[in-house]
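J.: take a look and give me a structure for this.
(one chain, ligands or ions: 2)
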Amino acid sequence: MGAENDIKPLTKKSFESDQDIRWCPGCGDYSILAFVQRVLPEMGIPKEKYVFVSGIGCSSRFPYYMNTYGLHTIHGRAPTVATGIKAANPDLQVWVVTGDGDALSIGGNHFIHALRRNVDIKILLFNNKIYGLTKGQYSPTSEFGKKTKSTPYGSVDYPLDPISLALGSEASFVARTADNTPKHLTEVLRRAAHHKGSAFVEIFQNCIIFNDGAFDPITGKEVRDDNTLLLEHGKPLLFGKDKKKGIRIKGFDPEVVTVGENGVTEADLVVHNENNPNPAYAFLLSRFNLPQFPVPMGVFRQSERYTYDGLLNDQVDTALSMGKGDIKKLIHGPSTWTVE
Ligand SMILES: Cc1ncc(C[n+]2csc(CCOP(=O)(O)OP(=O)(O)O)c2C)c(N)n1
Ligand code: SF4
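T.: Ligands and ions are numbered 1, 2, ... in the order given. Model prediction:
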């Protein structure tokens with residue numbers, strides 16, 4: 001990194017590091033890496049302003065492959081390290097890369113509080129529904145009954161939905177995309193990159209070794225038109241090959257309807273509003289799953305809210321504007337007393 005940034009426009013190559021990539025051939029992580037490297041040059045931000053922070057897992061090897069600053073930290077703690085980096089260096093663009101195990105098992109607590117605080121960081125969660133690095137144990141997103149090395153008779157855990165959790169944690173930007181839908185992945189990454197505040201993106205990621213095809217029933221080429229619901233702000237919730245199926249919601253009860261049948265018209269369908277002030281709408285969408293409902297892909301919710309790092313630094317500025325402090329006065333201030 002250096003003076004070249006001042007002269008040459010950045011390209012995908014500018015963000016590629018010289019490290020050998022150690023993911024298994026065919027792993028979905030490759031495509032996510034490639035599209036992050038493609039989107040960042042569009043931002044017009046020098047690459048030395050980016051920091052990629054990860055925890056532990058296959059996905060967490062990401063910072064090695066980015067020609068930016070990076071930290072490979074400890075299991076589940078990436079959002080916390082990222083919070084510190086952003087708070088102390090407000091001019092940096094801080095991205096977290098994590099897995100379903102890293103973010104939702106050991107890191108669950110750190111994950112929810114970073115989102116709740118609306119720290120201005122982007123969190124990319126590579127969801128492969130398995131622990132990849134440690135060779136195939138079930139994770140908090142593995143389906144009930146999943147047989148793995150650590151659950152030989154099938155998991156008895158109820159799985160967690162990352163989108164529902166992010167919404168419940170008050171994240172101001174919540175989206176879902178997949179490693180095998182490049183156009184969609186690019187657009188969602190772009191949206192996250194531009195969001196001010198905590199941007200959470202769940203990415204369906206294929207682990208070809210320990211959970212191959214986990215998302216084929218949803219985003220497989222042949223089925224994705226019928227089994228996914230593309231969320232587009234201001235557009236009706238329509239899906240299916242011929243875009244004839246849609247979502248109607250009465251009260252809290254959504255249903256799949258067919259336009260042109262039983263008197264249903266497009267006017268009966270829900271128009272997607274990612275800025276809906278009521279988070280219950282996005283939460284309802286987050287519960288959609290096969291076989292009853294198509295799986296929503298895109299931005300569930302986007303809202304504007306003050307950021308933790310912004311307010312914290314305002315307070316620091318205010319304190320500094322009050323003049324030089326006196327440490328002795330502080331220590332011997334009104335809240336000290338002598339025990340006799
Ligand atoms: C404190 C601690 N506990 C457990 C582990 C073992 N461990 C390493 S990675 C991992 C889970 C990784 O799964 P995930 O976050 O889904 O990432 P993936 O490898 O699938 O990308 C575990 C349990 C560890 N490294 N440190
Ligand atoms: S084990 Fe799975 S997640 Fe890890 S690098 Fe290999 S394919 Fe990717």
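J.: closest residue of the stretch 201-340 of the chain to ligand 2?
T.: At 3.3 Å from ligand 2, C207 is the closest residue in the stretch 201-340 of the chain, using CB to the nearest ligand atom. The C-beta positions use only the backbone N, C-alpha and C, and glycine is treated the same way.
J.: can you get me a residue count around that residue?
T.: For C207, the neighbour count with other CB atoms under 10 Å is 27.
J.: so it sits in a helix?
T.: No: counting by DSSP: H, G, I helix; E, B strand; the rest coil, C207 is not found in a helix; it is coil.
J.: leaving out the residues flanking it, which one is nearest to it?
T.: In this structure, C207 finds its nearest non-sequential neighbour in N128, 3.9 Å apart by CB to CB, 6 or more residues apart in numbering.
J.: mind listing the strands for this structure?
T.: 50-54, 69-72, 93-99, 121-127, 173-178, 199-204, 228-231, 238-239, 245-250, 253-258, 295-302 (DSSP state E).
J.: adding mean pLDDT, write these out as TSV.
T.: Formatted as TSV, these follow (pLDDT from 0 to 100):
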stretch	mean pLDDT
strand 50-54	98
strand 69-72	98
strand 93-99	98
strand 121-127	98
strand 173-178	98
strand 199-204	98
strand 228-231	98
strand 238-239	98
strand 245-250	97
strand 253-258	97
strand 295-302	98
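J.: pick the most buried one from these.
T.: Using mean count of other CB atoms under 10 Å, the stretch among these with the largest mean neighbour count is strand 93-99, at a mean of 29.
J.: partner strands of that one, with direction?
T.: Partners of strand 93-99 in the sheet, by DSSP bridges, are strand 50-54 (parallel), strand 121-127 (parallel).
J.: look up the closest residue to Y308, ignoring the ones flanking it.
T.: Per CB to CB, 6+ apart, closest to Y308 is R117, 3.9 Å.
J.: how close does the one you found sit to V257?
T.: When distance is defined by CB to CB, to the nearest Å, R117 is 40 Å away from V257.
J.: what about P334, how many neighbours?
T.: P334 has 5 nearby residues by other CB under 10 Å.
J.: hmm, back to that, so who does the residue nearest to C207 touch?
T.: G28, S59, G99, D100, Q205, N206, C207, F210, N211, A214 (CB atoms under 8 Å, 6 or more residues apart in numbering).
J.: so for it, what's the pLDDT?
T.: On the pLDDT scale, N128 is placed at 98.
J.: and for G2?
T.: 50.
J.: what residues does the stretch 101-250 of the chain have near ligand 1?
T.: G101, D102, I106, F126, N128, I130, Y131, G132, L133, T134, S139 (CB under 6 Å from any ligand atom).
J.: most neighbours, which of these?
T.: That'd be D102 among these, by other CB under 10 Å, with 33 neighbours.
J.: show me the contacts for the nearest residue to G145 once chain neighbours are set aside.
T.: Distance criterion CB to CB, 6+ apart; nearest residue to G145, sequence neighbours excluded, is G154 at 4.2 Å. Listed by CB under 8 Å, 6+ apart, the contact set of G154 reads F144, G145, K146, K147.
J.: okay if I get those as a markdown table plus neighbour count and pLDDT?
T.: Conversion of the contacts of G154 to a markdown table gives the following (neighbours: other CB atoms under 10 Å; pLDDT from 0 to 100):
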| residue | neighbour count | pLDDT |
| --- | --- | --- |
| F144 | 10 | 97 |
| G145 | 12 | 98 |
| K146 | 20 | 98 |
| K147 | 12 | 98 |
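J.: what parts of the chain come near ligand 2?
T.: Residues of the chain lying near ligand 2 (CB under 6 Å from any ligand atom): W23, C24, C27, D29, C58, N128, G132, C207, I208, I209, F210.
J.: show me just the buried residues among those residues.
T.: Buried subset of those (neighbour count, 16 or more other CB atoms under 10 Å): W23, C27, D29, C58, N128, G132, C207, I209, F210.
J.: between those, which sits nearest P236?
T.: N128 (31.9 Å; CB to CB).
J.: now that closest one: how far from G136?
T.: 10 Å.
J.: what sits in contact with each of these two?
T.: By CB under 8 Å, 6+ apart, the residues touching both N128 and G136 are F210, N211.
J.: per-residue confidence for D6?
T.: 55.
J.: list the contacts of N289.
T.: Here N289 is in contact with V295 (CB under 8 Å, 6+ apart).
J.: same check, this time on R224
T.: T181, I218.
J.: narrow the residues of the chain next to ligand 2 to those in helices?
T.: Among the residues of the chain next to ligand 2, the subset assigned to helices under DSSP state H consists of D29.
J.: quick check: which ranges of the stretch 51-200 of the chain have low pLDDT?
T.: Residue ranges of the stretch 51-200 of the chain with pLDDT under 70: none are present.
J.: helices along that one, start to end?
T.: 62-65, 78-88, 100-101, 108-117, 162-168, 182-194 (DSSP state H, counting those that start in this stretch).
J.: what helices or strands is the last one leaning on?
T.: Yep, that's helix 182-194 we're talking about. The helices and strands touching helix 182-194, judged by 3 or more CB pairs under 8 Å, 6 or more residues apart in numbering; DSSP states H and E, are helix 29-39, strand 121-127, strand 173-178, strand 199-204, strand 295-302.
J.: tell me what angle the fourth one forms with strand 295-302.
T.: Between the axes of strand 199-204 and strand 295-302, defined by axes from the mean of the first three to the mean of the last three CA atoms, to 10 degrees, the angle is 170 degrees.
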